[in-house]
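> Build me a model from this:
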Amino acid sequence: MTSWKTTGLGIGTILAAVGTALVAALDGDPATTANWPVVIAAVTSGVGLMFARDNNTTSEDAGAK
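The predicted structure follows:
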């Protein structure tokens, strides 16, 4: 967990996307729906951020070398 900044942003991105979709799905108004392609894109981006390495983390610190 040496890349805590990108991991945190990834988790935040996923939570925001899923939270927004849940609010749209559970608000009781049938006119509002989740924009699923956007939710999927945001979750995919969040997962990518979770696996990314911070700019100030060396390869040795991350265990890549």
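
> remind me, longest helix of the protein?
helix 4-26 (DSSP state H).

> Specify the next element, helix or strand, located C-terminal of it.
helix 36-51 (DSSP states H and E).

> surely residue 36 meets residue 21?
Yes. Using Cβ atoms under 8 Å, residue 36 is in contact with residue 21, at 7.4 Å. The way it works is simple: take the backbone N, C-alpha and C, and place the C-beta from them, glycine included.

> Looking at those two now, which is surrounded by more residues?
residue 21 (19 against 10; other Cβ atoms under 10 Å).

> List the residues that contact that one.
Neighbouring residues of residue 21 by Cβ atoms under 8 Å, 6 or more residues apart in numbering: 34, 35, 36, 39.

> For residue 29, see how far away the third one is.
Think residue 36. Separation of residue 36 from residue 29 (Cβ to Cβ, to the nearest Å): 17 Å.

> what's the answer for the second one, then?
Taking Cβ to Cβ as the measure, residue 35 and residue 29 are separated by 15 Å.

> These two: who's more crowded?
Taking neighbours as other Cβ under 10 Å, residue 35 and residue 29 compare with residue 35 leading, 13 against 8.

> centroid residue for the protein?
residue 46 (2.4 Å; Cα atoms, centre = their mean).

> Hmm, it is touching residue 19, no?
No. Taking Cβ under 8 Å as the definition, residue 46 is not a contact partner of residue 19, at 12.0 Å.

> mind showing which ranges of this protein have poor pLDDT?
1, 62, 64-65 (pLDDT under 70).

> Residue 32 against residue 26, yeah?
No. Using Cβ under 8 Å, residue 32 is not in contact with residue 26; the gap is 9.8 Å.

> Next, the contact list for the residue nearest to the centre of the chain, please.
9, 10, 11, 12, 13, 14, 17 are the contacts of residue 46 under Cβ under 8 Å, 6+ apart.

> Distance of the closest residue to residue 45 other than its chain neighbours relative to residue 28?
The shortest distance from residue 45 to any non-neighbouring residue, by Cβ to Cβ, 6 or more residues apart in numbering, is to residue 13 (5.9 Å). Here the criterion is Cβ to Cβ. By it, residue 13 lies 26 Å from residue 28.

> Can you pick out the residue with more neighbours from the two?
residue 13 (19 against 6).
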